[in-house]
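A.B. asks: give me the fold of what follows.
(chains A and B)
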2 protein chains.
Amino acid sequence: MSKKTEIRIAGFGGQGIILSGYIIGKAAAIFDNKFSTLIQSFGPEARGSSCAAQLIISDSQILYPYLIVPDVSVILSRDAYDKFGKELINGGIMLIEKDLVQPDKPPKNVSIYAIPATRLAEEMGRKIVMNIITVGFFSAITGITSYEATRKAVESSVPKGTEEMNLRAFDTGYEYGKNLLEEGSKKKVKEVRD
Amino acid sequence: MSKKTEIRIAGFGGQGIILSGYIIGKAAAIFDNKFSTLIQSFGPEARGSSCAAQLIISDSQILYPYLIVPDVSVILSRDAYDKFGKELINGGIMLIEKDLVQPDKPPKNVSIYAIPATRLAEEMGRKIVMNIITVGFFSAITGITSYEATRKAVESSVPKGTEEMNLRAFDTGYEYGKNLLEEGSKKKVKEVRD
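C.D. replies: You can find the predicted model right below:
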């Protein structure tokens, strides 16, 4: 059977959600010959400022591009959390924007990882790169797309002249994710020792 | 029967193709309660620098989000023209980037409209807005999404702080399209008189 990973990315317009999904999908296609679809559905609900994308990564061609229950959710706004926070498989991974999302009553048996992506982007002087920081964080935490493939996808997807800034943003998010995982494993070791 | 319009947007990475599809899809959803899906498929071919999106706009909910034969093609690179230039319905509309695409042997019974979107963006001092110029041109030429709805979709989809610049880019593309249509109808009148 072919392996299929379903990912939702949700937040508000202007956060660069579609581009971040595009980059992850491209990374999956570059890395290991995988297939990927990115879908954005608009209904009358698009009147608000909410924005969500569905990304499928698979070993084989994808005939049904809609997601059923996501394996990974990237939640970048309070509204998105209220709308999609409960929809995640058992054992799934949720990535959240630390300053925008307070995950009250999160689903059980889900690993939640938080990054202050907007703040980190502001510290870089370019709020616009928060989505690329999030892409780096996604790669570090989930490992679904490798560091190399994802970085290459960033480089080849952003406007000419902005590559350097965006690669720095990517590395910022990636390192934040790696540090978080290390701290987590240290904490677990400490818990076991205590 | 419900009315369905299929649109392909194709070019190379960094041209902002996904965002332009996103804005048009959003405009359709804002305007007249339509439904829309935007899909990006990546296969191993995503290794190159090509980028294409499939956009469906419909009066009713969309169950099959892939396009069959587009009603409108937006072609922003030579490679995209070679790959997709022939796929268009009889009587369809093709929008091209004037300086990047030379439509040799275009399909018969297709209306082709060209805009130097990259050059216009450079004249505005921001090459990055070429996709928004193209969105304005799309609205003016096809009328599939209205001026008001599309402009609103631009405003609510671009990063905060860049709205003014992007709305100017949108208007630039829209006016270029309107002028082109007027010239075309004047030319037709002249041809009839001659």
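A.B. asks: so A:Ala52 sits in a strand?
C.D. replies: Yes - looking at A:Ala52 with DSSP: H, G, I helix; E, B strand; the rest coil, it is inside a strand.
A.B. asks: surely it and A:Phe12 touch.
C.D. replies: No - counting by CB atoms under 8 Å, A:Ala52 stays clear of A:Phe12, with 9.8 Å between them. (Each C-beta comes from the backbone N, C-alpha and C, glycine too.)
A.B. asks: please say which of those two ends up with more neighbours.
C.D. replies: Ranked by neighbour count (other CB atoms under 10 Å in any protein chain shown), A:Ala52 and A:Phe12 place A:Ala52 first, with 26 against 18.
A.B. asks: OK, contacts around that one?
C.D. replies: Applying CB atoms under 8 Å, 6 or more residues apart in numbering or on different chains to A:Ala52 gives the contacts A:Arg8, A:Ile9, A:Ala10, A:Gly11, A:Ile17, A:Gln40, A:Ala80, A:Lys83, A:Phe84.
A.B. asks: sorry, back to before: got any residues that touch both of A:Ala52 and A:Phe12?
C.D. replies: Listed contacts common to A:Ala52 and A:Phe12 are A:Ala80; contacts here mean CB under 8 Å, 6+ apart.
A.B. asks: pull up the gap between A:Ile89 and chain B, please.
C.D. replies: Separation of A:Ile89 from chain B (CB to the nearest CB, to the nearest Å): 23 Å.
A.B. asks: sec struct for the closest residue to that residue other than its chain neighbours, please.
C.D. replies: Take A:Ile89 and drop its neighbours on the chain: the residue closest to it by CB to CB, 6 or more residues apart in numbering or on different chains is A:Val69, 5.1 Å away. Classification of A:Val69 by three-state DSSP places it in coil.
A.B. asks: quick check on A:Val69: phi, psi?
C.D. replies: Note on A:Val69: backbone dihedrals following degrees, to the nearest 10 are phi -130, psi 120.
A.B. asks: I'd say it and A:Ile7 touch.
C.D. replies: No - contact criterion CB under 8 Å: A:Val69 and A:Ile7 do not qualify, at 11.3 Å.
A.B. asks: for these two, indicate the residue with more neighbours.
C.D. replies: Remark: of A:Val69 and A:Ile7, A:Ile7 carries more neighbours, 26 against 12, as counted by other CB under 10 Å.
A.B. asks: interface residues of chain A facing chain B?
C.D. replies: When proximity is defined as CB under 8 Å from any CB of the partner chain, chain A approaches chain B at A:13-14, A:16, A:18-19, A:21-22, A:25-26, A:28-30, A:33, A:35-47, A:49, A:61-62, A:65-66, A:127-128, A:156-162.
A.B. asks: tell me the buried residues in the longest helix belonging to chain A?
C.D. replies: Criterion DSSP state H: the longest helix present in chain A is helix A:163-193. Of the residues in helix A:163-193, A:165-174, A:176-178, A:180 count as buried by neighbour count, 16 or more other CB atoms under 10 Å in any protein chain shown.
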